[in-house]
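Q: here is my input, please return the structure:
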Amino acid sequence: MTTGLQIALAGGALVGLGVALLLWRLVPMRPDAADVVKRYSPQGVRDREATTRAALSTTSATERLGVWALRTVPDGWWGRTPTRELALLQIPLHRHYGSKILYALVGLLIAPIGAYVLAAVGIALPIAVPVAGSLVAAAVLFWLPDFNARDDARKARSEFNRALGAYIDLVALERLGGSGSREAMELAAKVGDNWVFRRIGEELARSRWSGIAPWDALHTLADELGLPDLADLGDVMRLTSEGSQVYDQLRARSEAVRAAMLANELAKANAAGERMTLPMALLSVVFLVILVVPALLQLTGGA
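A: Predicted coordinates for the structure are as follows:
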C-alpha cells in the first residue's frame, strides 16, 4: 500500500516538475542556428505551409497532435528522423510525430496501470518502480515508430527494385521501338498499375510540366527516397545515344538489378539456414539423450 512518504515524494516531484517547466518557459532560450536556418529556408517555408494545410484539413487526433508538435517542439529533440523512409512510404511528417507522441503517452500509462492492478490484488510496489517503468516504456515506444518506418521502408525498397527491373525492360523495349527517351519512360510507367510505376509516372509528369529533364527527375526522386538503382537508370538515359546501344545498356542495367536482388535473397537464405543449424543440433542431442539414457539406467540398475 502507498505510504505517506511515497505520497509526499510524489507530490514534491510534481511540484518540482511544475516549477521547472514554468522556469523553462519563462527563461529566454538560445535558438539553434541550424534549426533557424532550416525553418526559414525555402524547404522550411514549404514544410510550414504543408503543416498549415494539414492542420486545417485533418480530422485525426494523431495528426492534430503531430501538427502541434511540429510547430512547438524543436527539431533537435526528435533525434534522427527517417525522412527518406517516410517519403518512400508517403507518410507525412506530422503524422509520424503524432504517432511518436501518442506512443510515448501510452508508455507513460503502462507502468502506473500495472502498479494499480498489482496494488488491487495486494502486491505493493515502491513508487520508484512504476516511475522508472513509465520512463523506460515511454522512451522505448517513442522510438518504435522510427523502427517501424525503417523496417517498412526496407521492404518497400525491395519491392521497388523488383518492379524497377521490369520497368527498365519496358523502357528498353520502347527505345528499341523508336520512342524517344522521355516518351519511352512515360509509356513504360503507364504499363504497370502498382505503386512503383505510379510513383515514377507522377515524377515524370511533374518534370514535363516544370521543364526538368526526365533523368534529372529520376535523380531527384532517387536522392529523396534513397534508391541508387533508380539514379543509375537516370545516368543510363542521360549518357546513352540513339539505337541498339541504348537497348543493350538498359538490358544490362536490368540484369544487374536482378543479379543484386538474387544475391541478396541468397544471402538471406544462407543466414536462415545457419540459424536453423543450432535448433537441429539441439534436437539431435535431445534424441540422443532419449536413446542413451534408458540403456544407461538399465546398466546401472543391473549392476
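Q: now Ala205: how far from Arg238?
A: Ala205 is 19 Å from Arg238, where distance means C-beta to C-beta, to the nearest Å. Heads up, the C-betas are built off the backbone N, CA and C, glycines and all.
Q: any stretches of the stretch 101-250 of the chain with poor pLDDT?
A: 240-245 (pLDDT under 70).
Q: how about 90 then?
A: Low-confidence segments of the stretch 101-250 of the chain, defined by pLDDT under 90: 101, 104-143, 154-250.
Q: what are the boundaries of the helices in it?
A: 128-176, 181-191, 195-210, 214-225, 228-239, 244-302 (DSSP state H, counting those that start in this stretch).
Q: make TSV out of these and add distance to Val19 and mean neighbour count.
A: Below are the helices of the stretch 101-250 of the chain laid out as TSV (distance: least, C-beta to C-beta, whole Å; neighbours: other C-beta atoms under 10 Å):
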stretch	distance to Val19	mean neighbour count
helix 128-176	18	17
helix 181-191	59	19
helix 195-210	51	16
helix 214-225	45	19
helix 228-239	52	18
helix 244-302	53	12
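Q: and those helices: which comes nearest Ala104?
A: Proximity to Ala104 (C-beta to C-beta) singles out helix 128-176 among the helices of the stretch 101-250 of the chain, at 4.2 Å.
Q: between helix 228-239 and the closest one, find me the angle.
A: 30 degrees (axes from the mean of the first three to the mean of the last three C-alpha atoms, to 10 degrees).
Q: distance from helix 128-176 to the middle of the chain?
A: Distance, stretch centre to chain centre, for helix 128-176: 4 Å (C-alpha atoms, centre = their mean, to the nearest Å).
Q: which secondary structure elements does it sit against?
A: Contacts defined by 3 or more C-beta pairs under 8 Å, 6 or more residues apart in numbering; DSSP states H and E place helix 128-176 against helix 83-89, helix 93-120, helix 181-191, helix 195-210, helix 228-239, helix 244-302.
Q: which residues sit in contact with Gly98?
A: 60-67, 69 (C-beta atoms under 8 Å, 6 or more residues apart in numbering).
Q: give me that answer again for 6 Å
A: By C-beta atoms under 6 Å, 6 or more residues apart in numbering, Gly98 lies in contact with 62-63, 65-66.
Q: pipe those into CSV and attach distance to Val19 and neighbour count per row.
A: CSV is the format used below for those (distance: C-beta to C-beta, whole Å; neighbours: other C-beta atoms under 10 Å):
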residue, distance to Val19, neighbour count
Thr62, 31, 18
Glu63, 33, 20
Leu65, 26, 19
Gly66, 29, 26
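Q: now, those that are in helices?
A: 62-63, 65-66 (DSSP state H).
Q: show me which of those residues is closest to Thr300.
A: For the ones in helices among the contacts of Gly98, the nearest to Thr300 is Thr62 (66.9 Å; C-beta to C-beta).
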